[in-house]
Structures are given as structure tokens and as C-alpha cells.
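Colleague: Test case, fold it:
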Amino acid sequence: MRMTLLLILLFIISGSGYSQDTSPGTNSPDPKIAFLKSLAMPGWGHHYVDKSDWTRGQFHLAAEAGLVLSYVGLRIHSNNLQQNWYTYARSEAGVDVEGRERNFRLAVGNFESLQAYNDYQERSRNWNLLYDDIPENRWSWTGIDNRNKYRDLRERFETIDQQLPALLSLMVVNRVVSAISAYNRARKQGSGGTASVHFTPYQGMSGIVGHLSIRF
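Modeller: As a prediction, the model looks like this:
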């Protein structure tokens, strides 16, 4: 999934240097308005500058639609997985992990019961990691298969949840690049200067990150 997001990002950025000359008209479009329109909705600024030729804007609009649909789809899937995960823990292990810290959720998936977890921490002399033996902390799995299924649900949820910020970042980049492109198109009609955007993506521990700079 991360590779797919990176390919989408590279596709958006690779087209940022594309430009097409337009004949100056008597009523030249305002570059600032073109910029703001595409910042609000990718492609809108291109349509404002030249309604007869806004192919570049259509690409940005299509990219925005794809990113939004992907985000909504992943968000729905993430919520469903989360609810299935919580329900499974309550029904099969007798513990509610909703709202609990991540270490507790990991412990439930790694140990058969609270007693097994605390025994391990005592042997390891990790006194600060012990959980009180109270009803809300107690869990007990009936078998390794049930515990593995719980762990699989948790890992799938966390994997998808970590991808959502990357999609939001791509939406921001798409809007900025579209706005810069529309600005340049409007400036060229008025024989003015241009703006440029530079984005250097790299793979970080939390997903796709990078440095974005804009020059007018």
C-alpha cells in the first residue's frame, strides 16, 4: 500500500514541470484567484484560466477524487476492523481493550492471561510493567488460535490506521501543485513571472514524508 501511495505521489510531482503556452487575451485571469481556486479544489484554477483547455486541471481533479475515495474507504475499513477487534477481545478473552494503552493491548495478544503476563514480568524484574490483578485487567484465552486471531486483527487495524496520514499528505501536495500550476498558467497569459514547487519525498519510519518549498 505504501508503494502505491509513493507511485501516486511521484505521478503528481512528475507533472509539476509541465506547462502549455496560452495566447494572451484582453481579459487576463488573475493568478492569485487561479491559485486560490485550485488550492480549494484541484483543477478549478485551470478551468478558471482556460475553460477550453484545462487537461492538466482534470488530472489533478481525478487524483483528488481517487485520494478522497481511498481515504474514505480505508477509514471505513479501519473502523470496522477496530470494532471487530474490540468485540473479539471481549468475547474470547473476557477483557475490554477499548481505550486502553497500547502496551496493555500488546500484552493481551502476547500472553495467555494476566497471571502469565505478570509472572513473566516478575521473573524479568520488570516491576514497573506489572498490572494490578483487578477485573478490568484480567484476560484469559482458551487457545493459541484465538490469541493469534486477536493479534492479527490488531495488526491489520494499526497498519491501515498508519496509512491514513500519508493519504492526507498526498491530498495537500496535490492541491499545492495544482495551485502552483494554475498560478503559472495565469501569469503566462499576462506575460508575468512563474512560481515553482519542489518536493523531495523519502521513506520515513511513519510513512512517506518530505520537504516542500514554493517559490513565486
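Colleague: Counting neighbours, what do you get for the closest residue to residue 31 other than its chain neighbours?
Modeller: The shortest distance from residue 31 to any residue that is not its chain neighbour, by Cβ to Cβ, 6 or more residues apart in numbering, is 4.0 Å, and that residue is residue 186. C-betas here are computed from N, CA, C, even on glycine. By the criterion of other Cβ atoms under 10 Å, residue 186 has 26 neighbours.
Colleague: same thing with residue 141?
Modeller: Each residue near residue 141 was counted by other Cβ under 10 Å, and the total is 22.
Colleague: Now it. Its backbone dihedrals?
Modeller: When read as degrees, to the nearest 10, the backbone of residue 141 gives phi -90, psi 140.
Colleague: got a list of what it touches?
Modeller: Applying Cβ atoms under 8 Å, 6 or more residues apart in numbering to residue 141 gives the contacts 92-93, 112-113, 147, 150.
Colleague: same question, residue 86
Modeller: If you count contacts by Cβ under 8 Å, 6+ apart, residue 86 has them with 96-98.
Colleague: The longest helix along the chain - contacts with which helices or strands?
Modeller: Secondary structure of the chain read by DSSP state H shows that its longest helix is helix 144-189. Contact partners of helix 144-189 among helices and strands, from 3 or more Cβ pairs under 8 Å, 6 or more residues apart in numbering; DSSP states H and E: helix 2-14, helix 31-40, helix 44-49, helix 55-92, helix 102-110, strand 196-204, strand 207-215.
Colleague: gap between it and the chain center?
Modeller: Centroid displacement of helix 144-189 relative to its chain, using Cα atoms, centre = their mean, to the nearest Å, is 2 Å.
Colleague: what about it, average pLDDT?
Modeller: Across helix 144-189, the average pLDDT comes to 94.
Colleague: Could you do stretch 102-119 as well?
Modeller: Confidence for stretch 102-119, expressed as mean pLDDT, is 96.
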